[in-house]
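**Student:** what's the 3D shape of this:
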Amino acid sequence: MVSIFSSLVMWITGSLQGNSQQLDLLSYLDDTGFGQVEIGNIVMIVIGLVMIYLAIKKDYEPLLLVPIGFGIIAGNIPYNPELMPIGYQDILGGQHSVFSLFYFGVKSGLFPPLIFLGIGAMTDFSALLSNPKLLLLGAAAQIGIFITLLGSLLLGFSLQEAASIGIIGGADGPTAIFVASQMSPTLLGAIAIAAYSYMGLVPVIQPPIMRLLTTKEERLRRMKPVRQVSQTEKILFPIIAFLITSFIAPGAITLLGMLFFGNLLKECGVTDRLAKSAQGTLNNIVVILLGFAVGTSTQATYFLTMDSLKIFVLGAVSFSIATAGGVLFAKFMNLFLKGDNKINPLIGAAGVSAVPDSARVVEIEGRKYDKNNHLLMHAMAPNVAGVIGSAIAAGVLLSIVPH
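**Tutor:** Prediction:
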């Protein structure tokens, strides 16, 4: 496709025949970004700016959307690769590219497990250990993954592509990136942007669904306080949980291994320095590189396609289904629970993997009806269970889907 500026240069050049200095200047201008830009690049740059705006103004996942948004801008400034072979050009398979070195951490699957290490080192599983039955809510919310997988197949995606797109339903960005990097790298940019966009839109998407599926009486329900969890339980949990989950889904060993390893560093009491590095410096570096690299991969040529539009639609539907699945399953569980053991169904919405945003949304929604009804700690149980659930689902797909 001939760029807008190139067309203008060709027209001007035709009217300046014989003036070599002017022709040299126009030739130089044609090799700048202005000379190579296309409509798609402009659209993507605007998208990057919008993501930065939402991160700063609306506080939507700023630690991720700012690097991704700026990466989108950097990845869509065009240039002549023959003159400057150090940029992002053809990053999916690019060589001689500085940005492609960043992208290697995404493409190889290196960055997502390191993110899980940081998540594990930051996560307190006490709420889940206090009320283990809430693990089922995290499992129920994963229905969004498998519904999205089926929907992707119906829309013409291959089984590998559908499996990658399905993970968006768990609202788990690192897991979605990890699976896409292994199964459908050409769709990685769209899948990553969709996953993180919906994670950022948790406060917008989830509340209407929560209100639609619950009664006022259910939203007012108070749950009994979480019990005190011993340090021994906290130390044993990551070890036992890793053994159980890795035997169930060996394909998830990379993600779950790093998640539970990070949590063991936090809880064992003798590796505080390592835990602080995992949740602090290391995690921050990886988040910066992951977000920026994902952004630079969304070049207009690869991103502005019908497949990307389908992925965004599927992502919205799957995230909504996952939220509804958690809430409805909480209502189902209440059929078998008595008295103060009953669950406030609002916490089922936290079964998705958007930690801790979904739990925070549950807290805010519950306090709209009773200012003294604090659901945050209860909601953290299905929230962290959702992280485990989405990783297990990814492991199952990686094990059974050929790639």
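**Student:** Quick check: the residue most central in space within the chain vs M306, distance?
**Tutor:** In the chain, the residue lying closest to the centroid (CA atoms, centre = their mean) is G173, at 1.7 Å. As for G173, its distance to M306 is 23 Å (criterion: CB to CB, to the nearest Å). Backbone N, C-alpha and C define where each C-beta goes, glycine included.
**Student:** contact partners of stretch 62-74?
**Tutor:** 44-45, 47-52, 54-56, 88, 99, 173, 192-193, 196, 199-200, 287-288, 290-298 (CB atoms under 8 Å, 6 or more residues apart in numbering).
**Student:** Out of those, which end up buried?
**Tutor:** For the contacts of stretch 62-74, a neighbour count by 16 or more other CB atoms under 10 Å gives the buried set as 44-45, 47-48, 51-52, 54-55, 88, 99, 173, 192-193, 196, 199-200, 287-288, 290-298.
**Student:** Can you name every helix or strand that the one helix or strand F332 maps to contacts?
**Tutor:** Element membership of F332 [criterion: DSSP states H and E] is helix 306-334. Secondary-structure packing of helix 306-334 (3 or more CB pairs under 8 Å, 6 or more residues apart in numbering; DSSP states H and E): helix 135-140, helix 143-154, helix 159-166, helix 188-200, helix 202-213.
**Student:** can I get the CA coordinates of the shortest one in CSV?
**Tutor:** Output in CSV follows, covering the C-alpha atoms of helix 135-140 (Å, rounded to 0.1, in the frame of the first residue of the first chain):
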residue,chain,number,x,y,z
LEU,A,135,-12.1,-22.6,45.4
LEU,A,136,-15.1,-23.8,43.5
LEU,A,137,-16.1,-20.3,42.6
GLY,A,138,-12.7,-19.8,40.9
ALA,A,139,-13.2,-23.0,39.0
ALA,A,140,-16.8,-22.1,38.0
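**Student:** Report the rounded mean pLDDT for it.
**Tutor:** For helix 135-140, the per-residue pLDDT values average out at 93.
**Student:** Stretch 202-222 now?
**Tutor:** Here the average pLDDT along stretch 202-222 is 93.
**Student:** follow-up on the earlier one: the helix or strand following the helix holding F332 vs helix 306-334, what angle?
**Tutor:** Moving toward the C-terminus from helix 306-334, the next helix or strand (DSSP H and E) is helix 357-367. Interaxial angle, helix 357-367 versus helix 306-334 (axes from the mean of the first three to the mean of the last three CA atoms, to 10 degrees): 50 degrees.
**Student:** The helix or strand just after helix 357-367 packs against which elements?
**Tutor:** Downstream of helix 357-367, the first helix or strand assigned by DSSP H and E is helix 376-400. In terms of contacts (3+ CB pairs under 8 Å, 6+ apart), helix 376-400 is packed against helix 126-130, helix 135-140, helix 143-154, helix 159-166, helix 173-183, helix 231-248, helix 253-267, helix 357-367.
**Student:** which helices and strands sit right next to the first one?
**Tutor:** Counting by 3+ CB pairs under 8 Å, 6+ apart, the packing neighbours recorded for helix 126-130 are helix 231-248, helix 376-400.
**Student:** one step back: quick one, which of the helices and strands packed on helix 306-334 gets closest to I248.
**Tutor:** Closest approach to I248 among those is made by helix 135-140 (11.5 Å; CB to CB).
**Student:** can you list the residues that contact the closest one?
**Tutor:** 128, 325-326, 328-330, 333, 343, 347-348, 350-351, 381-389.
**Student:** can you rerun that using 6 Å?
**Tutor:** G325, G326, F329, A330, G348, G351, P382, A385, G386, G389 (CB atoms under 6 Å, 6 or more residues apart in numbering).
**Student:** so what's the third one scoring on pLDDT?
**Tutor:** I take that to be F329. The model's pLDDT for F329 equals 96.
**Student:** how about the helices and strands packed on helix 376-400 in JSON lines, adding distance to L220?
**Tutor:** Shown next, in JSON lines, are the helices and strands packed on helix 376-400 (distance: least, CB to CB, whole Å):
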{"stretch": "helix 126-130", "distance to L220": "21"}
{"stretch": "helix 135-140", "distance to L220": "19"}
{"stretch": "helix 143-154", "distance to L220": "27"}
{"stretch": "helix 159-166", "distance to L220": "35"}
{"stretch": "helix 173-183", "distance to L220": "33"}
{"stretch": "helix 231-248", "distance to L220": "31"}
{"stretch": "helix 253-267", "distance to L220": "34"}
{"stretch": "helix 357-367", "distance to L220": "8"}
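**Student:** Quickly compare those and say which is most buried.
**Tutor:** Highest mean neighbour count among the helices and strands packed on helix 376-400 (mean count of other CB atoms under 10 Å): helix 173-183, with a mean of 28.
**Student:** just the angle between it and helix 143-154, please?
**Tutor:** Going by the same axes, to 10 degrees, helix 173-183 makes 30 degrees with helix 143-154.
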